[in-house]
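Asker: Quick one, structure for this:
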Amino acid sequence: MKKHIAILGSTGSIGTQTLDVIRENTELFGVFLLTANSNADLLIRQALEFLPEYVVICDKTKYKYVKDAIINTNVKVLAGIEAIIDTVTHPDIDIVLTAMVGFAGLEPTIAAIKAGKDIALANKETLVVAGELVTGLAKKHGVNILPVDSEHSAIFQCLAGEQASTVEKIILTASGGPFRGKSYEFLNNVTRADALKHPNWVMGAKITIDSASLMNKGLEVIEAKWLFNIDADQIDVIVHPQSIIHSMVQFHDGAIMAQMGLPDMKLPIQYALSYPTRLKNNFKRFDFINYSELTFEKPDVETFRNLALAFAALKQGGNMPCIINAANEIAVAGFLSETVTFLGMSEVIEQCMQQIDFVDRPVLEDYLNTDKETRIFAQNLIKKMPLKGTTVLT
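Answerer: Residues are numbered from 1 along each chain as shown. This is a model prediction of the structure:
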């Protein structure tokens, strides 16, 4: 029988690649729900091709435009985040692929878990913000959380058939982004266009900036803690510029397992959708002959401070990861709109970590309040910051 897939964020990079996978496996997967934030034109094209039961456009001002465009189909059109939260609980959905950007993915993911849906997780912020809450709900409702991030999918694959008690540490690999090896002084003058030129991966703007600042790796560290139930001191990060080894697991006998392949997000997407089966595909294959050298180096956490801030947030726990996530989302938006510098993003995040009230054992309401408070505080910080330099605000 076909698996019915809900894709939250179908017009983004992960969402469109998920539809590529489904397009090649129509006998195995069907599209039940597509959602988009504001890209109405692409959502319309996807709806006309895949004819899901539902589409949801978050931007309510575009509801009529979408509805009129697909009025001659049986696709039901809804609008707003509330509609996503309601629709992901539909009994005919088998897997919810969460590819919404940022904190917005949290409540729909929780709703899907409570409805017993397996989660193909591409929205790392869900576990960054509320990892203990989300993983606890998944256990309670018997739900699988299947990682879609290439690094976490690699670890998931390396752990297949292994006992959790034998894991000594996991090693997340990072490409280093477009500014690997650059100095603090160089980073002080980089532009939006510079930061969006990732050397290996084609991704959305937000995650591309996170990769350039190493915050993406910091968020992945926090996500890994909850996905694999390990401590912060069991997680290492190593820069691997070729992005061929996607991550590794070291066991207590010293053996290291690595998952390798060309940089292609369709592989971890396909694995999450088909798990525990591996599907044959025609993706381009890795050839060792074309890679005479695979290199590794330590990340520069003094220049790229976001990674160190993420580790600090993970070790402190409570609502601190929620604080850095909200602060980072606002900081990245500011950098993309050219109202804050590249290095200024770290200043915004650190100031929020110092100033926002800490909650040791947060519940969902605390996460929602923390997110809102942090965003307001971060936005006000950016208004006061100079466009050049990274003077710490007091």
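
Asker: how much space between the residue lying closest to residue 146 once chain neighbours are set aside and residue 119?
Answerer: Excluding the flanking residues, the one nearest residue 146 by Cβ to Cβ, 6 or more residues apart in numbering is residue 272, at 4.1 Å. C-beta coordinates here come from the backbone N, C-alpha and C atoms, glycine included. From residue 272 across to residue 119, the span is 9 Å (Cβ to Cβ, to the nearest Å).

Asker: number of nearby residues for the residue nearest to residue 146?
Answerer: 26 (other Cβ atoms under 10 Å).

Asker: do the same with residue 91
Answerer: For residue 91, using other Cβ under 10 Å, the count is 9.

Asker: Please apply the same query to residue 169.
Answerer: 16.

Asker: Torsion angles phi and psi at it?
Answerer: Phi and psi for residue 169, reported as degrees, to the nearest 10, are phi -160, psi 160.

Asker: what does residue 35 give?
Answerer: phi -130, psi 150.

Asker: which residues touch it?
Answerer: 6, 7, 8, 9, 10, 43, 55, 56, 57, 58, 84, 100 (Cβ atoms under 8 Å, 6 or more residues apart in numbering).

Asker: Okay, helices next: where are they in the stretch 101-250 of the chain?
Answerer: Taking DSSP state H, counting those that start in this stretch as the test, the helices found in the stretch 101-250 of the chain are 106-114, 125-140, 150-158, 184-187, 192-195, 205-213, 215-228.

Asker: Distance to residue 247 and mean neighbour count added to the ones you listed, as a markdown table?
Answerer: Output for the helices of the stretch 101-250 of the chain, formatted as a markdown table (distance: least, Cβ to Cβ, whole Å; neighbours: other Cβ atoms under 10 Å):
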| stretch | distance to residue 247 | mean neighbour count |
| --- | --- | --- |
| helix 106-114 | 22 | 23 |
| helix 125-140 | 16 | 21 |
| helix 150-158 | 4 | 25 |
| helix 184-187 | 26 | 14 |
| helix 192-195 | 23 | 14 |
| helix 205-213 | 15 | 23 |
| helix 215-228 | 9 | 25 |
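
Asker: Take these and lay them out in JSON lines including distance to residue 170 and mean pLDDT.
Answerer: Shown next, in JSON lines, are the helices of the stretch 101-250 of the chain (distance: least, Cβ to Cβ, whole Å; pLDDT from 0 to 100):
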{"stretch": "helix 106-114", "distance to residue 170": "23", "mean pLDDT": "96"}
{"stretch": "helix 125-140", "distance to residue 170": "15", "mean pLDDT": "94"}
{"stretch": "helix 150-158", "distance to residue 170": "5", "mean pLDDT": "97"}
{"stretch": "helix 184-187", "distance to residue 170": "28", "mean pLDDT": "91"}
{"stretch": "helix 192-195", "distance to residue 170": "27", "mean pLDDT": "90"}
{"stretch": "helix 205-213", "distance to residue 170": "19", "mean pLDDT": "90"}
{"stretch": "helix 215-228", "distance to residue 170": "6", "mean pLDDT": "96"}
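
Asker: Turn those into a markdown table, including distance to residue 18.
Answerer: As requested, the helices of the stretch 101-250 of the chain are arranged in a markdown table below (distance: least, Cβ to Cβ, whole Å):
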| stretch | distance to residue 18 |
| --- | --- |
| helix 106-114 | 15 |
| helix 125-140 | 17 |
| helix 150-158 | 13 |
| helix 184-187 | 33 |
| helix 192-195 | 26 |
| helix 205-213 | 15 |
| helix 215-228 | 19 |
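
Asker: nearest to residue 175, of those helices?
Answerer: The closest of the helices of the stretch 101-250 of the chain to residue 175 is helix 205-213. By Cβ to Cβ, the value is 6.9 Å.

Asker: so what does the closest one touch, helix or strand wise?
Answerer: Where contact means 3 or more Cβ pairs under 8 Å, 6 or more residues apart in numbering; DSSP states H and E, helix 205-213 is packed against helix 192-195, helix 215-228, helix 320-336.

Asker: Make JSON lines out of the ones you listed and add distance to residue 349.
Answerer: Shown next, in JSON lines, are these (distance: least, Cβ to Cβ, whole Å):
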{"stretch": "helix 192-195", "distance to residue 349": "16"}
{"stretch": "helix 215-228", "distance to residue 349": "8"}
{"stretch": "helix 320-336", "distance to residue 349": "4"}
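
Asker: what's the closest of the ones you listed to residue 174?
Answerer: Nearest to residue 174 among the helices and strands packed on helix 205-213 is helix 215-228 (4.6 Å), distances taken as Cβ to Cβ.

Asker: and the closest one, what other elements does it pack with?
Answerer: Going by 3+ Cβ pairs under 8 Å, 6+ apart, helix 215-228 lies up against helix 125-140, strand 145-147, helix 150-158, strand 167-174, helix 205-213, strand 235-239, helix 305-316, helix 320-336.

Asker: Can you lay out these as JSON lines showing distance to residue 297?
Answerer: JSON lines is the format used below for those (distance: least, Cβ to Cβ, whole Å):
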{"stretch": "helix 125-140", "distance to residue 297": "25"}
{"stretch": "strand 145-147", "distance to residue 297": "25"}
{"stretch": "helix 150-158", "distance to residue 297": "17"}
{"stretch": "strand 167-174", "distance to residue 297": "10"}
{"stretch": "helix 205-213", "distance to residue 297": "16"}
{"stretch": "strand 235-239", "distance to residue 297": "5"}
{"stretch": "helix 305-316", "distance to residue 297": "13"}
{"stretch": "helix 320-336", "distance to residue 297": "24"}
